[in-house]
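Q: Compute the structure for the input listed below.
(chains A and B)
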Amino acid sequence: MSAEPHLATPQGQPGLATEPAVRRQDQWLWRFFVTGFSFLMFGAGALIVGMVLLPIVKLIPAPQDVKRQRARRVMSAALRFFIGCMHRGGGMTYEFSGRERLGRPGQMIVANHPTLIDVVFLLAFAPGAGCVVKQGLWRNPLTRWAVTLVEFIPNDQAASMIDGATRALHEKQTLIFFPEGTRTRPQQAMVFHRGAANVALRAATVVTPVYIRCQPTTLTKAEPWYRIPPRRPHFSLRVGDDLDLSGYRHAPLPSASRAFNDELHRHFSQELARSTAIRP
Amino acid sequence: MQSQDEILERIRGTLVELFELKPAQITVDARLYEDLEIDSIDVVDLMDEVQKHTGRKVTPEDFRSVRTVGDLAAVVQRLTHA
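A: Here you go, the predicted model:
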């Protein structure tokens, strides 16, 4: 790799880079515009989907749960289109192995959370899944309509989150959880909050991990969106083996959920420590 | 009608079993969060236990102002004799 020290590093400070300075390549300037345009497209899309498409879908007479599933599938299709645009526009590349194992009844999908668009990938390729997301999305004028109509679960109060999530799983929905609750702090260890583990032991029929990597990193907590990485980012999502909950059924929930949370964290730490995703 | 001491004893037993605490830690003034390390997710599990023991529906509002074991005992007493 040639090193031209005056070019931007992920932290934007030449000479203080945590990785060797890399020449901007893969049509950097074009990617800058594609990324910026993608943000605009996402905002406009969220409004159109939330204020036009989903309300229409929900007007079609059907039982409440059928309406909700239809709304989620429409949102999922829109997000697949969005990913396709980013990909064909050259903003990023991705691979997602094992997605046929997502979407089972009562399944809890747990994933790590390195970037802003992890949720987008999971929602796009697990159509019909619900998601536990931050309360702020109901206050955000771009997303509030969509998250309300697809009946996502806000993550603010423990009691109502656990109540909503267990009800969804008991109704045999698929539910996506990010145990970190927020994007991973780069260069720091992941912290898993216990809510996902607690809900899993209460109500999940199966727990399936999805390991998410992004190389080089982008859209993390550490940098603003316009610090486009010097190389085209590659997202790698891999659906892992289902986790076995049977060992946790006999202890009281407070200690069982702590133990299961620790196991979840171990699985993710071990998997993500491997240098590259293993391709079949 | 259960006396406050009886209720406290029952609560002590529940907390010891549920959270693997020592009986000596559970005093009337012991604070759930600061002293016993019972956080908001644990409180949901605790609410389920209280519901199971009292046979009454427990809501987050019931627990909103519970800070100490004493507060918890007051809620349980209220629910038991509602």
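Q: Any figure for the gap between A:Asp262 and chain B?
A: Counting by C-beta to the nearest C-beta, to the nearest Å, the separation of A:Asp262 from chain B is 14 Å. Where you see a C-beta, it was placed from the backbone N, CA and C, and this is true even at glycine.
Q: do the same with A:Phe121
A: 27 Å.
Q: So what's the residue count around residue 33?
A: You didn't say which chain, so I picked chain A. By the criterion of other C-beta atoms under 10 Å in any protein chain shown, A:Phe33 has 13 neighbours.
Q: You answered for a different chain; I wanted chain B.
A: 13.
Q: again, but for the one 4 residues further on
A: Using other C-beta under 10 Å, B:Glu37 has 12 neighbouring residues.
Q: Excluding chain neighbours, what is closest to it?
A: The shortest distance from B:Glu37 to any non-neighbouring residue, by C-beta to C-beta, 6 or more residues apart in numbering or on different chains, is to B:Phe19 (7.9 Å).
Q: That neighbour is in contact with A:Pro254, isn't it?
A: Yes. Contact status for B:Phe19 versus A:Pro254: in contact at 5.3 Å, counting by C-beta atoms under 8 Å.
Q: about what we covered before: who's in contact with the residue nearest to B:Glu37?
A: Counting by C-beta atoms under 8 Å, 6 or more residues apart in numbering or on different chains, B:Phe19 touches A:252, A:254-255, B:36-38, B:42.
Q: what touches both of B:Phe19 and A:Pro254?
A: Shared contacts of B:Phe19 and A:Pro254, counting by C-beta under 8 Å, 6+ apart, come down to B:Asp42.
Q: backbone phi and psi for the residue sitting nearest the centre point of chain B, please?
A: Central residue of chain B (C-alpha atoms, centre = their mean): B:Leu72, 4.1 Å from the mean position. Main-chain torsions, B:Leu72, degrees, to the nearest 10: phi -60, psi -40.
Q: leaving aside the residues next to it on the chain, what's closest to it?
A: Using C-beta to C-beta, 6+ apart, the nearest residue to B:Leu72 is B:Val66, at 5.3 Å.
Q: next one: B:Leu8
A: In space, B:Leu8 is closest to B:Ala73, 5.3 Å off (C-beta to C-beta, 6+ apart).
Q: Check A:Pro186 too.
A: A:Ala222 (4.5 Å).
Q: can you check A:Asp26 too?
A: A:Arg232 (3.9 Å).
Q: For A:Arg238, pull up the helix or strand it's in.
A: Per DSSP states H and E, A:Arg238 falls inside strand A:234-239.
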